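Undergrad: just a sequence and a predicted model for now, questions to come.
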Amino acid sequence: MTPEEVRGMKSFFEPKSIAVAGVSADPDKLGSIIFANLVANLKRGILKSRVYALNPGLERVGDQPCYPSIGSLPEVPELLIVAVPESATLGLVRAAAEAGAKAAVIVTSGYAEVGRSKLEDEMRNLAAKHGMRILGPNTIGLLDTRSGVNSLFLRPTKTLPDGSQVVSMLEPLVGGVAIVTQSGYLGEVISEELASIGVGIRALVGTGNQVDVSVEDVIRYFADDPHTKVLVVYLEGLRDGRGFVKSTAYASRRKPVVILKVGKTAVGARAALTHTASLVGSYEACRAAFRQAGAIEAGSVQELVDYAVSLSTLPRARGRRLVILANAGGMGAIAADEAERVGLRVDRLRAEDQRGLRSEFRGAGFISNAALGNPIDLTASATTGEFVRMSESVLHLRGYDLVLEIPTHQTPAIDYDIAARIGEVVSKSKKPVCMCVIGNTDLAARIRKEFTARGIPSFPTPERAVRALEAVAAYAERRKWAREPTVLRKKTPERFSLMKGPLHHAEVSRLLRSYGIGEPE
């Protein structure tokens, strides 16, 4: 981004002043909720911006003054958050733009997604004329965990009929995952899934109808953000295919980009169009664009979350060779099947490595019955100490790039402290390591959280753990050839190799040309 473009985007995330239009005496109105969230962050010391309420019919909101118009504010707000009826939005945005406001978040819906595109055209012209950036309309807005800016109109608690309060939304944790989404609510769901396992986010941005600020703009902004470790993108459709590939390739060379694309079917495409007026286009063309840009594609919300965890936590992989360590043979076999399916290599341990392990553990009760091929099955008789020692030995094996460990805690010999003890061992290794802790009990959940807190992603099924590791291996490969959409070179079809096999150059070229992305050499 140019310095000017960076400054324009920065006004959303680090504004010196914020005005909220649509604050009401009714605490359940969207503007009231947004204003209350900002004031709460001010009082907690998270938000450093000055915050103002706008409503011509009110003098005060709680203990805060309320102003009738943009011109009556003590200063021109750097950021305007709009939560007023659609009929009043354009005039308010025009007044803010003419006064010199730098950015606006338009929460209000009822525009192109319901066929009213003329109003969006007028907003777009206003933004261009006055140099104001606009996020939305029809957006949940944004949340920045570091600056405290929060335009999400969601309450953390709700009241039950008996008057008691229950948690309705988990508060995002501060972390390194930046969420860019064309569905604001889904972004909150992703944030909540991450928070439930102890993983934090850098920011959440809902792009809505993209009258001005696009998915590509947000990706490019966070690509250069030092606090962002991984970008996750929920995508309904592309308006600028070439721009998307260019921004995503730029980001992918710096950090992982994980994409969940909807609209893969005719029904899904129709739903996306009515949701945010997104032009869905050919799914195969989008997939080709993702590959060219070096992005990792997730097949579900769960995969998107899992990949975000592994890619934001683990070091880069050197290759696809996986070693599996378990104390339950069936779980190891399931993991091996999934590894083969997604393209990881589960090579058998060399004979000399097996002899070395048998010699090292001579006298241990489990070793006579252990299977040391790969998966390595220590059997249920292995103790916590023996599993930890074997974990250290496996990490030193030279023939493997990735490690999956499945310490089945239900066996009598495995104790709760296995997470802390293995954590000490793994912290000394540079290999990507994931854990699989199976079970729905409180103990299983506590052990998984303990592993994750120590920087070791932990999953409740072998399949999820394997796919999370495969994403790490895939990113290491794809970042090497992530490239902008200039020309596609016929001599290097391997640049478009997939987890499930290569895609021929001619097919890539045809798909990308059909979507206006790149041209063959």
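TA: Done, it's in.

Undergrad: hmm, Ser310 and Ala298 touching each other?
TA: No: with contact defined as Cβ atoms under 8 Å, Ala298 does not count as touching Ser310 (11.4 Å). From N, CA and C alone the C-beta is placed, and that goes for glycine too.

Undergrad: and the residue of the chain most remote from its centre, what is it in contact with?
TA: Relative to the mean C-alpha coordinate of the chain, counting by Cα atoms, centre = their mean, the farthest residue is Gly363 (47.1 Å). Neighbouring residues of Gly363 by Cβ atoms under 8 Å, 6 or more residues apart in numbering: there are none.

Undergrad: ok, now Tyr400?
TA: Residues near Tyr400 by Cβ under 8 Å, 6+ apart: 321-323, 347, 394, 431.

Undergrad: write the PyMOL selection for whichever of these are buried.
TA: Selecting only the buried entries of these in PyMOL, with 16 or more other Cβ atoms under 10 Å as the criterion:
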select buried, resi 321+322+323+394+431
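
Undergrad: the contacts of Tyr400: which two are farthest apart?
TA: Across the contacts of Tyr400, the longest distance by Cβ to Cβ is 15.1 Å; it joins Asp347 and Lys431.

Undergrad: relative to Gly206, how far out is Gly356?
TA: Counting by Cβ to Cβ, to the nearest Å, the gap from Gly356 to Gly206 is 54 Å.

Undergrad: and those two? Which one has more around it.
TA: Gly206 (29 against 16; other Cβ atoms under 10 Å).

Undergrad: tell me the predicted confidence for the more buried one.
TA: Gly206 is assigned a pLDDT of 96 by the prediction.

Undergrad: please tell me how far it sits from Leu152.
TA: 9 Å.

Undergrad: so who does Val301 touch?
TA: Per Cβ under 8 Å, 6+ apart, neighbours of Val301: 186, 189-190, 193, 260.

Undergrad: tell me how far it lies from Gln165.
TA: Taken as Cβ to Cβ, the span from Val301 to Gln165 is 28 Å.

Undergrad: Ile259 in helix, strand or coil?
TA: strand (DSSP: H, G, I helix; E, B strand; the rest coil).

Undergrad: I meant Asp212, not that one.
TA: coil.

Undergrad: my guess is it meets Gly131, correct?
TA: No: if you go by Cβ under 8 Å, Asp212 and Gly131 don't touch, sitting 10.9 Å apart.

Undergrad: who has more neighbours, the two?
TA: Per other Cβ under 10 Å, whichever of Asp212 and Gly131 has more neighbours is Asp212, with 22 against 13.

Undergrad: next up, phi/psi of the more buried one, please.
TA: phi -140, psi -70 (degrees, to the nearest 10).

Undergrad: residue contacts, it?
TA: Neighbour list for Asp212: 123-124, 127, 133-135 [criterion: Cβ under 8 Å, 6+ apart].

Undergrad: low-confidence bits of the stretch 351-500 of the chain, can you list those?
TA: For the stretch 351-500 of the chain, applying pLDDT under 70 flags the ranges 483-500.

Undergrad: where do the strands of it begin and end?
TA: Taking DSSP state E, counting those that start in this stretch as the test, the strands found in the stretch 351-500 of the chain are 376-377, 402-406, 433-436, 458-459, 487-488, 497-498.

Undergrad: partners of the third one, with directions?
TA: The sheet places strand 433-436 alongside strand 402-406 (parallel), strand 458-459 (parallel), with pairing taken from DSSP bridges.

Undergrad: which parts of stretch 337-345 are buried?
TA: Neighbour-count burial for stretch 337-345, counted by 16+ other Cβ under 10 Å, picks out 338-339, 342, 344-345.

Undergrad: could I get those residues in CSV, plus columns for distance to Arg291?
TA: Converted to CSV, the buried residues of stretch 337-345 look like this (distance: Cβ to Cβ, whole Å):
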residue, distance to Arg291
Glu338, 22
Ala339, 21
Val342, 16
Leu344, 19
Arg345, 21
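
Undergrad: ok, Arg467 - contacts?
TA: Taking Cβ under 8 Å, 6+ apart, one finds 303, 306-307, 338, 342 in contact with Arg467.

Undergrad: show me those that map onto helices.
TA: Taking DSSP state H, the ones among the contacts of Arg467 that sit in helices are 303, 306-307, 338, 342.

Undergrad: using PDB, write down the CA coordinates of the lengthiest helix in the chain.
TA: Identified as the longest helix of the chain according to DSSP H is helix 462-478. In PDB, the C-alpha atoms belonging to helix 462-478 read as follows (Å, rounded to 0.1, in the frame of the first residue of the first chain):
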ATOM      1  CA  PRO A 462      -6.800 -37.500  14.700                       C
ATOM      2  CA  GLU A 463      -8.200 -36.300  11.400                       C
ATOM      3  CA  ARG A 464      -8.300 -32.700  12.500                       C
ATOM      4  CA  ALA A 465      -4.800 -32.800  13.900                       C
ATOM      5  CA  VAL A 466      -3.500 -34.300  10.700                       C
ATOM      6  CA  ARG A 467      -5.200 -31.700   8.500                       C
ATOM      7  CA  ALA A 468      -3.900 -28.900  10.700                       C
ATOM      8  CA  LEU A 469      -0.300 -30.200  10.200                       C
ATOM      9  CA  GLU A 470      -0.900 -30.600   6.500                       C
ATOM     10  CA  ALA A 471      -1.900 -26.900   6.300                       C
ATOM     11  CA  VAL A 472       1.500 -26.000   7.800                       C
ATOM     12  CA  ALA A 473       3.300 -28.200   5.200                       C
ATOM     13  CA  ALA A 474       1.200 -26.700   2.400                       C
ATOM     14  CA  TYR A 475       1.900 -23.200   3.300                       C
ATOM     15  CA  ALA A 476       5.700 -23.800   3.400                       C
ATOM     16  CA  GLU A 477       5.400 -25.000  -0.200                       C
ATOM     17  CA  ARG A 478       3.000 -22.400  -1.500                       C
END
